[in-house]
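> Sequence and predicted structure are below.
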Amino acid sequence: MTIEPALLNNAVFHTYALTACIMILKLMLQPWMTVYRMMSVRGGFRSPEDAKASPLNPNPSDTQLSVNEYVDRSRRMNLNDLENIPGFLAAGFFFALSNPPLWLAQVLLWTFVAARAAHFVAYVTAQLHDVRATFWTFGSLAVIVMTAYALVQLF
Amino acid sequence: MTIEPALLNNAVFHTYALTACIMILKLMLQPWMTVYRMMSVRGGFRSPEDAKASPLNPNPSDTQLSVNEYVDRSRRMNLNDLENIPGFLAAGFFFALSNPPLWLAQVLLWTFVAARAAHFVAYVTAQLHDVRATFWTFGSLAVIVMTAYALVQLF
Amino acid sequence: MTIEPALLNNAVFHTYALTACIMILKLMLQPWMTVYRMMSVRGGFRSPEDAKASPLNPNPSDTQLSVNEYVDRSRRMNLNDLENIPGFLAAGFFFALSNPPLWLAQVLLWTFVAARAAHFVAYVTAQLHDVRATFWTFGSLAVIVMTAYALVQLF
């Protein structure tokens, strides 16, 4: 049985699916930046066994287990994604089901994507906290407004 | 094309959507408590650049980067949300699709919401571990039972 | 109103729902391993109030708040789940809606489940980083491919 294409043919849901898939990619690719950074500095590991000799780690040392700011920055960015993207994915779903006007859906969904892209750039280049916080705020508010909209429609 | 209102017209799914939106708000608002606490104590920051002078941080100092228990408590609460709420949002979806009796859905979904609200109060007021753990347990079990119910229906 | 059984009668969506429910259980059960380990070593707690006397902690001491590797391993496993499973749950949803061939859906969805099971075993038994990283990679790539597939279908 083929799934009814009703969901993806709906313009709001289509925008939601598009922005959601972009954000899932962001969520899944951030750990790859952490892996890349761990491999380039050969450090920033977290588990005791990670400082054992292995094909990928031929010259181990205990200092590899120390916190490494270059690696840790990517981990913090990942944690920030975890605090925001799953909430966005769920909020967008209920928001799309509540039949909002298309323009509002496009504004809120793409605001989140743009805010997170800007937050990524601000974080990775270590901009002032105020800059990063501003982009984070736009993303967070977009999710809160979508959730509040869906909640109002449920009553 | 309008999305078929079948989902939201279903009483179980409606309860799921309502409780899910409440929990998404909880998930998204906890970081705002962290922000509020960071701003009031002017500390508990995490990135080296957060201790640089900026409009929101006119008198920076290195001690702003130390762990601050008042701020860290809110971060731990956020992490606890991350460990529980996304699982609830997904479990509730499959549970609702498996057509459970309405009374069971209401009991499990609202138990989760009540348990997390009580957990929030216990954590923010630093009650004994036993108290916090008890509320956490109710929430965790509600999600596990919903998932098990959905799993059984899939066979 | 009964929910249209269209979703769960679709073979791809059924496989998605099945693997998703298994992964939700994994996500929710990992904290129980942390609880079990905290109770057996009576340590690895995180909040100051956890080192107060209580029925479950009759002989408290400040060392209970130190990081305990046995407990912390389970916490790191939980964090690794948080970085991967919510992304899988969302990616699988959009992937299933994009009507992929059943064989491809089965390969990708079950690859993720098998990779995470193997990652769990490798992590809990402290295998070399290379082993754990290999299993993590399979899981991560499965989610990335599913998301990319869904994204392509949206254009």
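Alright, I've got the coordinates.
> and the helix or strand bottoming out on mean pLDDT in chain A, what other elements does it pack with?
Scoring the helices and strands of chain A by mean pLDDT, DSSP states H and E places helix A:6-9 at the bottom, with a mean of 76. For helix A:6-9, the contact count by 3 or more CB pairs under 8 Å, 6 or more residues apart in numbering or on different chains; DSSP states H and E identifies helix A:11-41 as packing neighbours. Backbone N, C-alpha and C define where each C-beta goes, glycine included.
> which is the next helix or strand following the helix it packs on?
Tracing the chain past helix A:11-41, the next element assigned as helix or strand by DSSP states H and E is helix A:69-97.
> pLDDT on that next one, on average?
Averaged across helix A:69-97, pLDDT comes to 97.
> Show me what counts as buried in it.
Residues of helix A:69-97 classed as buried under the neighbour-count rule (16 or more other CB atoms under 10 Å in any protein chain shown) are A:71, A:73-75, A:77-97.
> do the same with stretch A:18-36
Buried residues in stretch A:18-36, counted by 16+ other CB under 10 Å: A:18-28, A:30-31, A:33-35.
> Point to the residue nearest the middle of chain A.
Centroid check for chain A by CA atoms, centre = their mean gives A:Asp81 as the closest residue, at 3.5 Å.
> So it versus A:Met39, what's the distance?
Separation of A:Asp81 from A:Met39 (CB to CB, to the nearest Å) stands at 20 Å.
> what does A:Tyr123 give?
For A:Tyr123, the distance to A:Met39 equals 20 Å [CB to CB].
> So those two - more neighbours on which side?
The residue with more neighbours, out of A:Tyr123 and A:Met39 and counting by other CB atoms under 10 Å in any protein chain shown, is A:Tyr123; that gives 20 against 14.
> how about the residues of chain A near chain C?
In this structure, chain A approaches chain C at residues A:1-4, A:7-8, A:14, A:17-18, A:20-22, A:24-25, A:27-29, A:31-32, A:35, A:45-50, A:52, A:54-57, A:78, A:82, A:85-86, A:89, judged by CB under 8 Å from any CB of the partner chain.
> Close to chain B: what parts of chain A are there?
Taking CB under 8 Å from any CB as the criterion, the neighbours of chain B within chain A are A:4, A:6-7, A:9-13, A:69, A:73, A:76, A:82-84, A:86-87, A:90-91, A:94, A:96-99, A:123, A:126-130, A:133, A:140, A:143-144, A:147-148, A:150-151, A:154.
> for chain A, which spans come out with low pLDDT?
In the predicted model, chain A carries pLDDT under 70 at residues A:1-6.
> what's near enough to touch the nearest residue to A:Arg46 once chain neighbours are set aside?
When the adjacent residues along the chain are set aside, A:Arg46 lies closest to C:Arg76, with 6.1 Å between them (CB to CB, 6 or more residues apart in numbering or on different chains). Going by CB atoms under 8 Å, 6 or more residues apart in numbering or on different chains, C:Arg76 touches A:46-47, C:123.
> Could I get these in a markdown table, plus columns for distance to A:Ala117?
Putting those into a markdown table (distance: CB to CB, whole Å) gives the following:
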| residue | distance to A:Ala117 |
| --- | --- |
| A:Arg46 | 28 |
| A:Ser47 | 32 |
| C:Tyr123 | 32 |
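> Buried residues in stretch A:137-155, which are they?
Residues of stretch A:137-155 classed as buried: A:139-140, A:142-147, A:149-151, A:153-154 (neighbour count, 16+ other CB under 10 Å).
> In TSV, list those along with secondary structure.
Written out in TSV, the entries for the buried residues of stretch A:137-155 read as follows (DSSP: H, G, I helix; E, B strand; the rest coil):
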residue	secondary structure
A:Gly139	helix
A:Ser140	helix
A:Ala142	helix
A:Val143	helix
A:Ile144	helix
A:Val145	helix
A:Met146	helix
A:Thr147	helix
A:Tyr149	helix
A:Ala150	helix
A:Leu151	helix
A:Gln153	helix
A:Leu154	helix
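> Kindly indicate which of these lies nearest A:Leu104.
For those, the minimum distance to A:Leu104 (CB to CB) is 7.8 Å, reached by A:Tyr149.
> Correct me if wrong: A:Ala51 contacts A:Asn59.
No - between A:Ala51 and A:Asn59 there is no contact under CB atoms under 8 Å: 10.6 Å.
> Counting neighbours, go ahead and name the busier of those two.
In this view A:Ala51 and A:Asn59 are compared by other CB under 10 Å, and A:Ala51 has more residues nearby, 18 against 7.
> Against C:Ala122, how distant is that one?
In this structure, A:Ala51 and C:Ala122 are 16 Å apart, going by CB to CB.
> for A:Gln64, same thing?
From A:Gln64 over to C:Ala122 the distance is 19 Å, taken as CB to CB.
> State the distance from A:Phe155 to B:Val107.
Relative to B:Val107, A:Phe155 is positioned 21 Å away (CB to CB).
> swap in A:Met146?
A:Met146 sits 28 Å away from B:Val107, going by CB to CB.
> Same check on A:Gln30?
In this structure, A:Gln30 lies at 38 Å from B:Val107, with CB to CB as the measure.
> tally of neighbours for the residue lying closest to A:Leu102 once chain neighbours are set aside?
Leaving aside its sequence neighbours, A:Leu102 sits nearest to A:Ala11 (CB to CB, 6+ apart; 5.2 Å). A:Ala11 has 13 neighbouring residues, counting by other CB under 10 Å.
> same thing with the one 3 residues further on?
A:His14 has 17 neighbouring residues, counting by other CB under 10 Å.
> now it: how far from C:Val12?
Summarising the geometry, the distance separating A:His14 from C:Val12, computed by CB to CB, is 19 Å.
> Same check on A:Phe88?
With distances taken as CB to CB, A:Phe88 is found 25 Å from C:Val12.
> ok, the residue nearest to A:Phe88 when sequence neighbours are not counted - contacts?
Residue nearest to A:Phe88 in three dimensions, not counting chain neighbours: A:Val143, with 5.0 Å by CB to CB, 6+ apart. When contacts are counted by CB under 8 Å, 6+ apart, A:Val143 is found next to A:84, A:87-88, A:91, A:112, B:24, B:28.
> swap in A:Gly43?
Contacts here follow CB under 8 Å, 6+ apart; on that basis A:Gly43 touches A:63-66, A:68, A:71.
> What's the PyMOL syntax to select whichever of the residues you listed are buried?
Command for PyMOL that selects the buried part of the contacts of A:Gly43, burial taken from 16+ other CB under 10 Å:
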select buried, chain A and resi 64+65+68+71
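> Distance to A:Ala118 added to the contacts of A:Gly43, as JSON lines?
Formatted as JSON lines, the contacts of A:Gly43 follow (distance: CB to CB, whole Å):
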{"residue": "A:Thr63", "distance to A:Ala118": "35"}
{"residue": "A:Gln64", "distance to A:Ala118": "33"}
{"residue": "A:Leu65", "distance to A:Ala118": "33"}
{"residue": "A:Ser66", "distance to A:Ala118": "31"}
{"residue": "A:Asn68", "distance to A:Ala118": "26"}
{"residue": "A:Val71", "distance to A:Ala118": "23"}
